[in-house]
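the following comprises the amino acid sequence and a computationally predicted model.
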Amino acid sequence: NAGVTQTPKFRILKIGQSMTLQCAQDMNHNYMYWYRQDPGMGLKLIYYSVGAGITDKGEVPNGYNVSRSTTEDFPLRLELAAPSQTSVYFCASRFGTDVLKPQHFGDGTRLSIL
Amino acid sequence: KNQVEQSPQSLIILEGKNCTLQCNYTVSPFSNLRWYKQDTGRGPVSLTIMTFSENTKSNGRYTATLDADTKQSSLHITASQLSDSASYICVVSATPYGGSQGNLIFGKGTKLSVKP
């Protein structure tokens, strides 16, 4: 059971380039989330989804877009990359509506914008 | 403003010793508090989740306590092992049951190093 899989693990982008961070889960979880973790800071929610076709903004959505066409996949799109988007990005998923269920995290994508 | 503060920022202990990590929060309305362990280069892994009615929860050598009156939580690690070296993150949820977003507020973490 793979859990939450994120690709790529590392990426370097130039300012202004675009890319998509991939996230896939095989646990049939309906809730999925994207976070960013800046050095020495707590995780910040970028976007989340409660099911296929439904997405909503989190705390720091500017400069990002998401889509959720299937239950398994939740890609995060960066348009016009900026140095402020240098961070570690984590995807997470959770099953059901019970907020006491833990989130399962992927191992992150380390992104540098130069 | 909803905030989660953790202390100490970092901690070094010898293998076999016990330690306690602290978490203070100003989150309202409070739903639940969770502790995560994050190994270097990995994603966070859930250790415990507690609601306001629970004051202690254990997961092996990890014991979390919660005082909802003083808005404090602690994570106690017993008989530490080298594999306990990681960051420990306190997370507080401000969303009532059924919330989709979870409205999780993450602390910055305590970095624990266990030395042989």
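The structure has been received and is ready for your questions.

ok, and what's touching the helix or strand of chain B with the lowest mean pLDDT?
Every helix and strand in chain B was compared by mean pLDDT, DSSP states H and E; the lowest is strand B:104-106, with a mean of 89. The contact list for strand B:104-106 (Cβ atoms under 8 Å, 6 or more residues apart in numbering or on different chains) reads A:42-45, A:103, B:2-4, B:25, B:27, B:89-94. For the C-beta atoms, the positions are set from N, CA and C on the backbone; glycine is no exception.

name the next helix or strand downstream of it, please.
Where DSSP states H and E defines the elements, the next helix or strand beyond strand B:104-106 is strand B:110-115.

can you point out the buried residues in stretch B:12-29?
Of the residues in stretch B:12-29, B:13, B:19, B:21, B:23-25, B:27 count as buried by neighbour count, 16 or more other Cβ atoms under 10 Å in any protein chain shown.

could I get the full set of strands for chain B?
Here chain B has its strands, by DSSP state E, at B:3-7, B:10-14, B:19-26, B:32-38, B:45-51, B:56-59, B:62-67, B:72-77, B:86-93, B:104-106, B:110-115.

that older thread, buried ones only from the contacts of strand B:104-106, please, as a PyMOL command.
Those of the contacts of strand B:104-106 that count as buried under 16+ other Cβ under 10 Å are selected in PyMOL with:
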select buried, (chain A and resi 42+43+44+45+103) or (chain B and resi 4+25+27+89+90+91+92+93+94)
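
for the contacts of strand B:104-106, work out which two are farthest apart.
Taking Cβ to Cβ as the measure, the contacts of strand B:104-106 reach their widest spread between A:Gln103 and B:Gln3, a distance of 20.2 Å.

quick one, helices of chain A?
Secondary structure of chain A (DSSP state H): no helices located.

could you list the residues of it in contact with chain B?
Within chain A, the positions adjacent to chain B are A:4, A:31, A:33, A:40-45, A:48, A:50, A:56, A:58, A:90, A:92, A:94, A:97-100, A:102-108 by Cβ under 8 Å from any Cβ of the partner chain.

and the buried ones among the residues you listed, selectable in PyMOL?
Those of the residues of chain A next to chain B that meet the burial criterion (16+ other Cβ under 10 Å) are gathered into one PyMOL selection, given here:
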select buried, chain A and resi 4+31+33+42+43+44+45+48+50+58+90+92+94+99+102+103+104+105+106+107+108
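
just to revisit the earlier point, now distance to A:Leu13 too, for the buried residues of stretch B:12-29, in a markdown table please.
Putting the buried residues of stretch B:12-29 into a markdown table (distance: Cβ to Cβ, whole Å) gives the following:
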| residue | distance to A:Leu13 |
| --- | --- |
| B:Ile13 | 39 |
| B:Cys19 | 39 |
| B:Leu21 | 36 |
| B:Cys23 | 35 |
| B:Asn24 | 38 |
| B:Tyr25 | 36 |
| B:Val27 | 35 |
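
thanks a lot, see you next time.
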